[in-house]
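Q: with the input below, show me the fold.
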Amino acid sequence: MIRAAMTRCYVFLATVAMAGQHTDLGVVHIVDDDQSFRTSTARLLAAAGFEVAQYASASAFLQQLSAAKAGCILLDVQMPSLNGLELQCELAKLALNWPVVFITGHGDISTSVRAMKAGADDFLPKPVSPELLIETLERTLREHATRHREEEARHSLKARVATLTAREHQVFALMVKGVMNKQIAHQLGTSIRTIKAHRHAIMEKLEAQSFAEAVLIAERLGLLASECGDAALTEG
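A: Next up is the predicted model:
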């Protein structure tokens with residue numbers, strides 16, 4: 001049975017290796033006081049193409065955090081001094097949003113619920129199959145990378161909108177809701193020519209190639225959902 005299990009593992013690792021490396025997704029930080037588990041897991045993940053870092057305790061991880069490369073934390077629950085759940089709380093205080101996958105041989109429902117409520121991405125038992133561990137880490141890292149890209153794109157859009165003047169904010173709020181230039185001019189007490197000039201400036205500042213793209217920017221920032229959007233847009 002052991003030989004068959006090892007054979008399946010090698011076949012799986014070969015398949016993963018053929019699929020490509022995972023180093024572009026970030027580092028898997030193994031935080032566990034069990035040296036044999038850290039070593040064997042690091043070898044497994046390295047063979048699967050992951051970049052790996054090891055820490056013998058939660059305190060050791062915190063001490064090296066400032067120089068650590070972003071990635072996923074594979075975290076044991078029960079460790080001396082600072083346990084996994086306590087480390088999770090410390091990371092939350094530091095506003096570190098790296099994904100956390102707990103792995104433990106002493107888990108129970110209440111512990112897993114606490115971990116998930118605190119933002120853990122997954123909770124795995126020890127021992128865990130190589131297939132499940134690798135699939136979980138790959139999925140977690142890819143989902144985190146996607147969220148990170150979306151958040152960066154959102155920050156970029158917010159920065160563009162922030163460059164608008166107070167009057168441009170007002171025009172933008174109305175134009176993306178389909179209000180015509182003549183109506184906007186009437187509401188704001190100015191000329192159609194002035195509104196056209198504002199719209200041109202808005203499109204340039206937002207780097208929007210079309211009116212549809214400008215509407216999409218407002219939608220992605222949640223500025224079309226309600227009257228709250230108007231307030232956000234018109235604040236200088």
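
Q: and residue 190, helix, strand or coil?
A: coil (DSSP: H, G, I helix; E, B strand; the rest coil).

Q: which residues does the residue with the largest distance to the centre of the chain contact?
A: Distance to the chain centre peaks in the chain at residue 191, reaching 44.9 Å (criterion: Cα atoms, centre = their mean). Counting by Cβ atoms under 8 Å, 6 or more residues apart in numbering, residue 191 makes contact with residue 185. In short, each C-beta sits where N, CA and C put it, glycine included.

Q: now do the same for the spatially closest residue to residue 220 that is not a sequence neighbour: its pLDDT.
A: In space, and not counting its chain neighbours, residue 220 is closest to residue 157: 6.1 Å by Cβ to Cβ, 6 or more residues apart in numbering. Looking at residue 157, its pLDDT is 93.

Q: surely residue 157 and residue 219 touch.
A: No - assessed by Cβ atoms under 8 Å, residue 157 is found out of contact with residue 219, at 10.3 Å.

Q: element containing the residue nearest to residue 220?
A: For residue 157, the element it lies in under DSSP states H and E is helix 130-162.

Q: where along the protein do the helices fall?
A: 2-19, 35-47, 58-64, 84-93, 109-117, 130-162, 166-175, 181-188, 192-206, 211-220, 227-234 (DSSP state H).

Q: of those helices, which is nearest residue 124?
A: helix 130-162 (6.4 Å; Cβ to Cβ).

Q: number of nearby residues for residue 164?
A: 20 (other Cβ atoms under 10 Å).

Q: if I look at it, how far off is residue 179?
A: Going from residue 164 to residue 179 by Cβ to Cβ, to the nearest Å gives 16 Å.

Q: low-scoring pLDDT stretches of this protein, where are they?
A: 1-24, 107-108, 225-236 (pLDDT under 70).

Q: run the last query once more with 80
A: 1-25, 106-112, 118-119, 225-236 (pLDDT under 80).

Q: list the contacts of residue 30.
A: 38, 41, 42, 45, 52, 53, 54, 55, 74.

Q: who's it bridged to?
A: Using DSSP bridges, the beta-bridge partners of residue 30 come out as residue 54, residue 74.

Q: show me the domain layout of the protein.
A: 2-155, 163-234 (automatic domain parsing).

Q: about what we covered before: farthest pair in the contacts of residue 30?
A: Farthest apart among the contacts of residue 30 by Cβ to Cβ are 45 and 55. That separation is 14.2 Å.
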